[in-house]
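Peer 1: Got a predicted structure plus its sequence, pasted below:
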Amino acid sequence: MAAALWFTTARLTIHLSQTDNADGLTLIEHHMAQGFAVPLHVHQDEDESFYILQGEVRMQIADEVRRLTPGDAITVPGGTPHSFRVVSPEARFLSMTTGGFEAMIRSLARPAETEGLPPQAEPTDAEVAALVAACAAHGIAFQGPAVA
């Protein structure tokens with residue numbers, strides 16, 4: 001059964017947990033509002049693949065910035081700095097990983113209280129610090145600001 005979670009201001013649905021398959025694959029559906037952005041970061045021990053379902057996402061991979069729209073798919077090799085920003089009113093995409101990303105999400109997420117997105121609010125300093133610590137504990141290192 002899929003786990004619907006609120007993670008910061010996004011709704012994430014874990015459709016396939018790495019504990020449910022021999023390959024350790026995680027499949028997560030991300031639903032985010034315009035302006036949602038992830039700082040430039042690196043997954044040390046895992047590749048991360050994306051498939052855009054709805055909306056438009058601006059993604060930076062190393063020094064290249066790309067516009068991704070429905071039907072686009074891309075893989076970011078482990079150790080490669082990347083960032084993204086939702087530029088349409090909302091976006092939905094799938095991500096696939098095999099490392100610590102799912103555990104990091106579960107360490108900070110809470111069960112979704114309703115359908116749709118959680119309340120949209122700027123994170124507190126404590127929430128940012130908790131995110132940075134959780135990422136570091138799961139092999140994800142921040143390297144700079146989000147793509148503009």
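Peer 2: Looks like it arrived, so ask away. Residues are numbered from 1 along each chain as shown.

Peer 1: A strand includes residue 45, no?
Peer 2: No. Counting by DSSP: H, G, I helix; E, B strand; the rest coil, residue 45 is not part of a strand but coil.

Peer 1: okay, it: pLDDT?
Peer 2: What the model reports as pLDDT for residue 45 is 88.

Peer 1: Does it touch residue 78 like I think?
Peer 2: Yes. Using Cβ atoms under 8 Å, residue 45 is in contact with residue 78, at 6.0 Å. No exception for glycine: its C-beta is placed from N, CA and C like everyone else's.

Peer 1: Residues that sit against both of the two, list them.
Peer 2: residue 99 (Cβ atoms under 8 Å, 6 or more residues apart in numbering).

Peer 1: Let me know the average pLDDT across the longest helix seen in the chain.
Peer 2: Ranked by residue count and defined by DSSP state H, the top helix of the chain is helix 125-137. Helix 125-137 shows a mean pLDDT of 94.

Peer 1: got any ranges where this protein has weak pLDDT?
Peer 2: Low-confidence segments of the chain (pLDDT under 70): 1.

Peer 1: In it, which residue sits furthest out from the middle?
Peer 2: residue 22 (22.6 Å; Cα atoms, centre = their mean).

Peer 1: tally of neighbours for the closest residue to residue 4 other than its chain neighbours?
Peer 2: Leaving aside its sequence neighbours, residue 4 sits nearest to residue 112 (Cβ to Cβ, 6 or more residues apart in numbering; 4.0 Å). Counted with other Cβ atoms under 10 Å, residues neighbouring residue 112 total 18.

Peer 1: same question, residue 73
Peer 2: Applying other Cβ under 10 Å, I find that residue 73 has 12 neighbouring residues.

Peer 1: surely it meets residue 48?
Peer 2: No. If you go by Cβ under 8 Å, residue 73 and residue 48 don't touch, sitting 11.8 Å apart.

Peer 1: list the contacts for the residue most central in space within the chain?
Peer 2: The chain has residue 30 as the residue nearest its centroid, 6.7 Å off, counting by Cα atoms, centre = their mean. By Cβ under 8 Å, 6+ apart, the residues touching residue 30 are 10, 11, 12, 91, 92, 93, 94, 95.

Peer 1: Mind doing that once more with 7 Å?
Peer 2: Contact analysis of residue 30 by Cβ atoms under 7 Å, 6 or more residues apart in numbering lists 10, 12, 92, 93, 95.
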